[in-house]
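K.L.:
with the input below, show me the fold.
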Amino acid sequence: MNPRTDAPHERSHITAPDDGRRFGIDEVLARAGVSRRLALECESRGLIELAGHGYTHEHVRVLRFARRAYALGFGMSDIARLLALRQDAHRKRCEVKHIALSRTEELASHIEELQATKQALERLAGLCMGDQQPDCPILDELLELKGFASH
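P.N.:
As a prediction, this is how the structure comes out:
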């Protein structure tokens with residue numbers, strides 16, 4: 001299961017009114033479908049306050065929001081910006097859209113890099129006869145770094 005794309009969806013809790021109920025940490029994590037690590041990251045960024053007095057439906061909503069945004073590839077700084085916009089009654093949709101479109105541009109760039117890497121690997125594999133001989137053109141090319149950018 002891919003945690004970025006296959007996260008559970010529990011819509012019944014999204015619109016639940018804040019009825020004053022308090023949850024323990026394990027229950028809020030389960031309701032939000034997030035790991036303790038993501039919750040601690042949200043806390044360290046000031047997105048939520050994980051305190052021992054109990055957690056509310058709003059904690060669940062914020063953590064679920066963070067999980068879904070993370071699943072779409074947003075980094076924690078973008079998640080923080082999106083959550084701040086969520087709280088801003090004077091926000092403009094264009095601000096949210098700009099963040100989303102910036103992410104699509106990052107993804108497009110990453111896809112191009114992955115496609116170039118795939119083509120380079122296919123080219124290397126094409127050099128190899130795949131037989132029982134010890135000499136290997138793939139290893140030779142990797143040693144020479146021919147056609148590869150250094151990082």
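K.L.:
outline the domain layout of the chain.
P.N.:
Following the assignment in automatic domain parsing, the chain carries domains at 1-89, 92-151.
K.L.:
any chance of the ones you listed in CSV, plus mean pLDDT and mean neighbour count?
P.N.:
To be clear about C-beta, it is placed using only N, CA and C from the backbone, and glycine gets the same treatment. Formatted as CSV, the domains of the chain follow (pLDDT from 0 to 100; neighbours: other Cβ atoms under 10 Å):
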stretch, mean pLDDT, mean neighbour count
domain 1-89, 81, 15
domain 92-151, 89, 11
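K.L.:
what about the helices in the protein?
P.N.:
11-14, 25-32, 36-44, 57-71, 76-87, 93-127, 137-144 (DSSP state H).
K.L.:
ends of stretch 48-62, how far apart?
P.N.:
Between the start and the finish of stretch 48-62 there is a gap of 7 Å, counting by Cα to Cα, to the nearest Å.
K.L.:
and if you look at stretch 133-140?
P.N.:
Taking Cα to Cα, stretch 133-140 runs 14 Å from one end to the other.
K.L.:
and the contacts of it?
P.N.:
Contact partners of stretch 133-140, identified using Cβ atoms under 8 Å, 6 or more residues apart in numbering, comprise 124, 125, 127, 128.
K.L.:
for the third one, give its distance to residue 94.
P.N.:
According to Cβ to Cβ, to the nearest Å, residue 127 and residue 94 sit 50 Å apart.
K.L.:
same deal with the last one?
P.N.:
Distance check for residue 128 against residue 94: by Cβ to Cβ, it reads 51 Å.
K.L.:
could you do the first one as well?
P.N.:
In this structure, residue 124 and residue 94 are 45 Å apart, going by Cβ to Cβ.
K.L.:
same check, this time on the second one
P.N.:
Plainly put, residue 125 is 46 Å away from residue 94 if you go by Cβ to Cβ.
K.L.:
before we move on, what about residue 48?
P.N.:
With the distance defined as Cβ to Cβ, residue 48 ends up 27 Å from residue 94.
K.L.:
ok, residue 85 touching residue 97?
P.N.:
No: contact status for residue 85 versus residue 97: not in contact, 10.6 Å apart, counting by Cβ atoms under 8 Å.
K.L.:
tell me, what's touching those two both at once?
P.N.:
The contact lists of residue 85 and residue 97 share no entry, where a contact means Cβ under 8 Å, 6+ apart.
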